[in-house]
Each structure stands twice: as C-alpha cells, then as structure tokens.
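> Coordinates only, no sequence provided:
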C-alpha cells in the first residue's frame, strides 16, 4: 500500500513537471509570436515622407492612393508647410533648381512637367480690346516685369486701359518658372505679392476686373469640365509670334488640347518646367526607390487628369525595383 502511494506521488510529481514545462514552452512561443508580429508590423508599416511644392499635392495624393493598392503595407506621410525643416525621404520641386539649392548628396528624378499660362478677369477691358487676339512673349515680359521701354512702345500707339498685376514671391515655383520663360530672375517680377496658396492668385483675379496674373494649368482649368474656371480668361499666347492667333493656336478653351499641343510640339512659347523628386544619391531605401520608379512609369497615367504634362519615361537602373 505504501508502495502504491509512493508511485502515485511520483506520477503526480511528473505530471506537474510536464505541465510546468509545457506552460513555459507556450509562454516562450507566445513571446516569439508577439515579437515576430511586432517586427513584421514595423517592417510592413514602413513610412515614406514627402515634402515640397504645394500645388502638386492633388497628383501626389493620387499617386499614393494608386500605389497603396498594390503595396498596402507601405504608409505615406505628406509634410505640410507648417512643418518646414522636417526631414523627408522625398522632396518635390517644380522648377529648375538654382545653383546650390540641392545638396551634393542629393539627386533629381524627373516625374512630370508643369505648364504656366497668363490669366485675367473675364470682364477685363484690355482682354476684349487686345489680348483676345493673342499675346506675344515680349508683351508678357513688359507686363510682368514692368519693363517701361516695352510698355511705352505700346502706349505710344494707343492709350490702353490700366491693369493690376498679381504675382507670387520670388521663392515660389510658379514665379521661378514664368520668370525663367521671360529671361528674367524671379526677383524681377513686379506686381502685388499674393502670399499663401497659389490658388489665391485666382482669387485676386476674380476680385479685380483689371487683374492680370499667371498660374499652373491644374488651377486655372476646371479639372472635370476641362475648360477655364468660371470668371477667368486665359491670355492666349501667340505661339508663332506672328501677331495673330492661327487655327492651330486656338487651343486655350480646352485643357486637353493645351496638354496635347505642349507634349507633341515641345513649343517653347509657353512657360514649362520639370517637376522632380529630390532624393538621396545613394538610394539606400529600396521602398522609396520602388515608389519613384512606379511614378516614373505607371504613375504617369494620372498626370493629365490633374493638369500636368507627362515626363519622358527613362529607365533609371540605379532605382530598379528588386
């Protein structure tokens, strides 16, 4: 009987040891699963931060939306104007950078092109009398830089109605693009400075029947109707500089006609410039490189919808997806 009790005791002791060992194993497995899950989550939720030119944000957001459909584990963060100075994986610029503007450790990757057109109020007397016939580049230079010699040569022929020029600060991308087109520095642009969003240039024009300004295609055309927004007229640039608008120059009433003309002719009579990502030369972040390559290829499909021109797709083997 005593022997039986002894065997029973040993059996219970063994079972207890097995339970303890099993519990320990379960705890260890649970810990490994939690750690593994957290590690995977951290890897899966990698974040790409993007900063830069504000007016490109509708297109950037569309690129992010479409890319996220095939890369759901990747997250994006858009750094706004209030967070200036915050480091980002990608910076967007919509003008040709000045010397020293981009660091030696950075490189430019062209992803689209922006086009700028001059605009005025639909009630502009000057448009009805002169501008609707076509505006030469030299005339635009006189208007936006207040070139008195050029203005005097026009005014000597006929007394023209007064107009008010609205412009952006010299640091603005749209100011840099149009001033480069005019053969000037952005500091040479004259007029009333409009701060904040580029859309406020439109607001200034809508509030002033004498107003003249400029803006990118995506802001001066209704992106659904593909026609100029209500209350604004496009100053039709005389593309061949012959003093009149020929049939092939009657493109300004439709956004897609403007885009098609600019992409097919590469006409220098309209202000355009590249939109680029600024990224590290080393390209060590493969997730960033993959996104950039997608934008340069499949992402071009969405440019026209938002009033931007396509960039020529050139394979960059330094950014090839692995």
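Thanks, I have it. Keep in mind that this is a model prediction, so the values were computed, not measured.
> Report the spatially nearest residue to residue 198, omitting neighbours in sequence.
Spatial nearest neighbour of residue 198, excluding adjacent residues (C-beta to C-beta, 6 or more residues apart in numbering): residue 55 at 4.9 Å. To be clear about C-beta, it is placed using only N, CA and C from the backbone, and glycine gets the same treatment.
> List the contacts of that neighbour.
If you count contacts by C-beta atoms under 8 Å, 6 or more residues apart in numbering, residue 55 has them with 94, 173-174, 197-198, 216, 218-219.
> Which of these are buried? Put it as a PyMOL command.
Only the buried entries of the contacts of residue 55 go into this PyMOL selection, using 16 or more other C-beta atoms under 10 Å:
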select buried, resi 94+173+174+198+216+218+219
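> hey, which helix or strand in the protein has the poorest pLDDT?
Using mean pLDDT, DSSP states H and E, helix 2-44 stands out as the lowest-scoring helix or strand of the chain, at a mean of 47.
> who does the helix or strand that it is followed by touch, helix- and strand-wise?
Per DSSP states H and E, the first helix or strand lying C-terminal to helix 2-44 is strand 47-52. Contacts defined by 3 or more C-beta pairs under 8 Å, 6 or more residues apart in numbering; DSSP states H and E place strand 47-52 against strand 75-78, strand 90-93, helix 286-296.
> at 6 Å what do you get?
Under the contact definition 3 or more C-beta pairs under 6 Å, 6 or more residues apart in numbering; DSSP states H and E, strand 47-52 sits against strand 75-78, strand 90-93.
> Quick one: low-confidence residue ranges for the stretch 51-200 of the chain.
Where the stretch 51-200 of the chain drops to pLDDT under 70, the residues are 82-85, 148-161.
> And the strands in it, which stretches?
75-78, 90-93, 106-121, 164-167, 192-193 (DSSP state E, counting those that start in this stretch).
> Of those strands, which is nearest residue 305?
Of all the strands of the stretch 51-200 of the chain, strand 106-121 sits nearest to residue 305, with 11.7 Å by C-beta to C-beta.
> Between helix 286-296 and the closest one, find me the angle.
Strand 106-121 runs at 40 degrees relative to helix 286-296, counting by axes from the mean of the first three to the mean of the last three C-alpha atoms, to 10 degrees.
> what does strand 106-121 contact?
Strand 106-121 is contacted from outside by 94, 127, 140, 174, 177-178, 205, 209, 211-214, 216-217, 220, 232-235, 262, 270-278, 281, 292, 295, 303, 308-309, 311, using C-beta atoms under 6 Å, 6 or more residues apart in numbering.
> In helices, which of the residues you listed appear?
In helices, defined here by DSSP state H, the members of those are 127, 140, 174, 177-178, 205, 217, 220, 262, 292, 295.
> Next up, the contacts around the residue nearest the centre of the chain.
Centroid-nearest residue in the chain: residue 56, 2.4 Å away (criterion: C-alpha atoms, centre = their mean). Counting by C-beta under 6 Å, 6+ apart, residue 56 makes contact with residue 92.
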